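**Q** Below are the sequence and a predicted model for it; my questions follow.
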Amino acid sequence: MTNANDFMRAIALAGQNGYDDVIANMCQEIEMRNRKEILAQHKFSISQVTEHRAGGDITRWRTHLPNAEGKKGKQIKKASRKDLEDAIVEFYRQRDKEDVPTFKDVYMQWREYHWKKNNSSNNTQDKYITDYFRYIHGNSLECMPITEISDQDLDSYFINTIRAEGIEYRTFGKLYGYINGTFKYAFKRRIIQTDPMSYLDKSDYRNTCVPKKEKTAESELIPDEDFNLILEQLYKDMQEHPTNFTYYAVELAAKMAPRVGEIATLKWSDIDFKHGVITVCRSDKYNKDRDENGNVIKKWWSVEGTKTKKSRRFPIDESIKHSLERIRRAQFEYGMVSEWVFPHPVYGWTHSLMIASCIKNKSKQLKLKKTYSIHALRKTFNSDLRNDNASSKMCASLIGNTPDVNDEYYYYDNTDISEKRAAIEKVHKKRNFA
């Protein structure tokens, strides 16, 4: 047999077909072979000794067992060589069982290796940690010796976790990746002889997962009426609280559709008025350190590169220029001149969480039917461009996505029926319809 799983399948098949004698002989042969291999690794001599007792001489068999350093340790004696060899075999089996790492042990090794290899950000690392405590911690899989985990165990784990957590297929892909990465790591480092994940296929769980919620223009975009109400409120807030640069940030975000951390960390040095270009090249991150139980023990902010680790250029039109000039005037007028476009008197720059909260708070303040986000602004901006015949590649480059991601997750048809009717009439006029 090539591995333990194949062997167990062979035994099960033999049992189903009534070959009990074959099974017994196979098991006996494997046990004898395993016993010989264990005794062969025992490096201390086995000897027979005669002990003089009051009732007469006694012949016993003895040897030494290795200590933790592998050197000669405790001496054991048995009445027969077989009994002594039984004790030796039991000792090594128990020791090997204790030495086998658990799934958790190997997962932690793989995770550290994966983070270093991919130079993972603190936010990415935090996602791995929180997902571990959500999907793996406390499950029986966590503390199982990794050599004893079969594909059947993993299949049951996946099915039970999907049902218990109500996981969509896209989210399941991440969980599957954690488990798959751990076993691939264990196999490459010869911790396990065979990879049980090789018997599974992620796509087999698609129908087990919770169906993906349908997303439409109505559910994902900000309709014109609500969009205009939010803008009107922002302009009022700028007049009443001219030193709160959160309002200015949300307004510029509506015009540029950046990620919230990117708008938060814009600097004046990124803005080239002469050539009419803004360079988007950084983002802020809210970092968390956690203890071994997943509890947050430290929080801090940092400024790093963009999510894609690439910078991009965004054109300045008259509307954006007007917004930037208004921000610059406010900084000079109220003594808040800063390297940051959106300064904060305490933190230096206006943190992304403040900007994200602002648009949500405006939605609630105006009692809109939905609570909108900066992410909704990005989708609305992209959909407006795409529905105005802008190319997919251009739109993706403007907001920092790949074209595939942009079309799948950021583009929704928000044209009304009159626009659709006009487009159809334009096509019909080209044909010779009766």
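**A** Received, thanks.
**Q** Might one say that Thr102 is in contact with Cys143?
**A** Yes. At 5.1 Å, Thr102 counts as touching Cys143 under the criterion of C-beta atoms under 8 Å. For glycine as for every other residue, the C-beta is placed from the backbone atoms N, C-alpha and C.
**Q** These two: which is more packed in?
**A** Thr102 (17 against 11; other C-beta atoms under 10 Å).
**Q** got the domain boundaries for the chain?
**A** Here the domain parsing of the chain from automatic domain parsing is 4-99, 103-205, 217-420.
**Q** Now render the ones you listed as CSV, adding distance to Lys426 and mean pLDDT.
**A** Formatted as CSV, those follow (distance: least, C-beta to C-beta, whole Å; pLDDT from 0 to 100):
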stretch, distance to Lys426, mean pLDDT
domain 4-99, 63, 79
domain 103-205, 37, 94
domain 217-420, 11, 94
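**Q** Output the ones you listed as a markdown table; include the columns distance to Asn432.
**A** As requested, the domains of the chain are exported to a markdown table (distance: least, C-beta to C-beta, whole Å):
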| stretch | distance to Asn432 |
| --- | --- |
| domain 4-99 | 68 |
| domain 103-205 | 47 |
| domain 217-420 | 22 |
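**Q** quick one, which of these is nearest to His428?
**A** Taking C-beta to C-beta, domain 217-420 is the member of the domains of the chain nearest to His428, at 12.6 Å.
**Q** Can you get me the start-to-end distance on that closest one?
**A** Using C-alpha to C-alpha, to the nearest Å, the gap from the first to the last residue of domain 217-420 comes to 15 Å.
**Q** where's it relative to the chain centroid, distance-wise?
**A** Mean-position distance between domain 217-420 and its chain equals 25 Å (C-alpha atoms, centre = their mean, to the nearest Å).
**Q** Strands of the stretch 1-150 of the chain, start to end?
**A** 47-53, 56-66, 72-78 (DSSP state E, counting those that start in this stretch).
**Q** Please determine how far the residue nearest to the spatial centre of the chain is located from Ile297.
**A** A centroid search over the chain (C-alpha atoms, centre = their mean) returns Tyr128, at 4.9 Å, as the residue closest to the centre. In this view, Tyr128 and Ile297 are 17 Å apart by C-beta to C-beta, to the nearest Å.
**Q** was I right about the residue nearest to the centre of the chain contacting Tyr178?
**A** Yes. Counting by C-beta under 8 Å, Tyr178 is a contact partner of Tyr128 at 7.4 Å.
**Q** got a list of what Asp413 touches?
**A** Ala217, Ser383, Asn387 (C-beta atoms under 8 Å, 6 or more residues apart in numbering).
**Q** just Leu324 next, same as before
**A** Contacts of Leu324 by C-beta under 8 Å, 6+ apart are Leu252, Ile271, Phe273, Ile316, Val341.
**Q** Which among those count as buried?
**A** Among the contacts of Leu324, the ones that count as buried by 16 or more other C-beta atoms under 10 Å are Leu252, Ile271, Ile316, Val341.
**Q** Lovely, talk soon.
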